[in-house]
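Trainee: Please find the sequence and the predicted model below.
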Amino acid sequence: MQNLVTRSISALVYAALFISATVYSLESYTVLIALFSAVCLWEFNKIVNNKSFVPFIILPLVIFYQKSFISDKIIIFLLAVTLLCSIRLIINLYSKDVKYPQNNFDKFDSSLRYIIFPFIFLMQLPIINGTYNPYLVIYIILLIWTNDSFAYLIGKNFGKTKLFESVSPKKTIEGFIGGFAFAIIVACVISNYSSLFSLIDWILIAIIVSVFGTFGDLVESKFKRQAKVKDSGTIMPGHGGLLDRLDSLFFLSPFVYLYIHYIM
């Protein structure tokens, strides 16, 4: 019971901070995501035992100068290399023998493409035609929460078929389908309150969130399993590390960005 109270308070503080900073202004959203990215980078480097300080030099430079150097060509290049890294990490899930990162270069590369580059897409995601749309981020977080919550509830009560037992023994196919279905239902509700996108677009965004959010969670689980750790950190009482809460958001952000800014 005490653990449930701790988890609930921790989650409420996190949600209030995230929503307030996101809605208040682009500047407060930037500061929040920058702080979250720094914590996640620190936690990730601990997991993969990356002792290099270079990523911690690159991240502040990206934070402070992204508006100056970001152009369409650079965004497309960064998007391509980030998506290639994401696809590689997904493929690695299907191989028990593949361990990544294996060397210092891999550790640096994964820090760059798993944390730092997705930060850029999280920052650019809600900016459409030069206008900051904070509720786009809120709605995506809502879809992630819906997918995760119903995947857990349905998986716990009805799950029998393991999704990726070698990586995350508690995840089931039934849970994944449940989370997927409810995310689409919530997307339909969102479309009634948001004029930003059409119903079809919101449904497709929900599908991207459900599929790649789940992969993001599995990828982080594999990193932790390789490192033989349960959580990425202890910054969120009752929940573990911040990366444990944001792994899905970081992983899916380039895919949602690709759809919203280049496919829609």
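Mentor: Happy to help now that I have it.
Trainee: make it CA atoms for all contacts and neighbour counts henceforth
Mentor: Fine.
Trainee: Quick one: the helices in this protein, in order.
Mentor: 2-24, 26-47, 54-69, 72-93, 104-111, 117-124, 134-158, 173-193, 199-227, 242-258 (DSSP state H).
Trainee: Okay, now the unreliable bits of this protein?
Mentor: The chain contains residues with pLDDT under 70 at 1-5, 68-69, 98, 238.
Trainee: what about 80?
Mentor: Within the chain, the stretches with pLDDT under 80 are 1-11, 65-71, 96-100, 237-239.
Trainee: Could you pick out the longest strand of it?
Mentor: strand 168-172 (DSSP state E).
Trainee: sorry, back to before: figure out which of the helices of the chain is closest to Ile235.
Mentor: Minimum separation from Ile235 across those (CA to CA) falls at helix 242-258, 6.5 Å.
Trainee: Quickly note the distance from Ser20 to Glu27.
Mentor: For Ser20, the distance to Glu27 (CA to CA, to the nearest Å) stands at 12 Å.
Trainee: try Ile208
Mentor: Note on Ile208: its distance to Glu27, by CA to CA, is 27 Å.
Trainee: Ala15 too?
Mentor: Remark: distance between Ala15 and Glu27 (CA to CA) = 18 Å.
Trainee: what about the nearest residue to Phe215 once chain neighbours are set aside, how many residues close to it?
Mentor: Of all residues not flanking Phe215 in the chain, Ile90 sits nearest, at 6.7 Å (CA to CA, 6 or more residues apart in numbering). Applying other CA atoms under 10 Å, we find 16 residues neighbouring Ile90.
Trainee: does Ile90 really touch Glu220, like I thought?
Mentor: No. Look at Ile90 against Glu220 with CA atoms under 8 Å: they stay out of range, at 10.6 Å.
Trainee: residues contacting the closest residue to Ile205 other than its chain neighbours?
Mentor: Closest residue to Ile205 apart from its sequence neighbours, by CA to CA, 6+ apart: Val256 at 6.6 Å. By CA atoms under 8 Å, 6 or more residues apart in numbering, the contact list for Val256 reads 125, 205, 208-209.
Trainee: ok, so of the residues you listed, who is nearest Lys160?
Mentor: Val209 (23.4 Å).
Trainee: Check the gap between that closest one and Val256 for me.
Mentor: Applying CA to CA, the value for Val209 to Val256 is 7 Å.
Trainee: And for Thr30?
Mentor: Counting by CA to CA, the gap between Thr30 and Val256 amounts to 18 Å.
Trainee: Could you do Phe18 as well?
Mentor: Counting by CA to CA - Phe18 and Val256 are separated by 19 Å.
Trainee: now swap in Phe77 and tell me
Mentor: Taking CA to CA as the measure, Phe77 falls 16 Å from Val256.
Trainee: for Ser111, same thing?
Mentor: From Ser111 across to Val256, the span is 20 Å (CA to CA).
Trainee: cool, and Val229?
Mentor: In terms of CA to CA, Val229 sits 29 Å off from Val256.
Trainee: what do you get for Val167?
Mentor: Distance, Val167 to Val256, by CA to CA: 25 Å.
Trainee: next one: Gln226
Mentor: Distance of Gln226 to Val256, computed by CA to CA: 28 Å.
Trainee: next one: Asp148
Mentor: 17 Å.
Trainee: Please apply the same query to Asp109.
Mentor: Counting by CA to CA, the gap from Asp109 to Val256 is 22 Å.
Trainee: again with Lys230
Mentor: From Lys230 to Val256 the distance is 28 Å (CA to CA).
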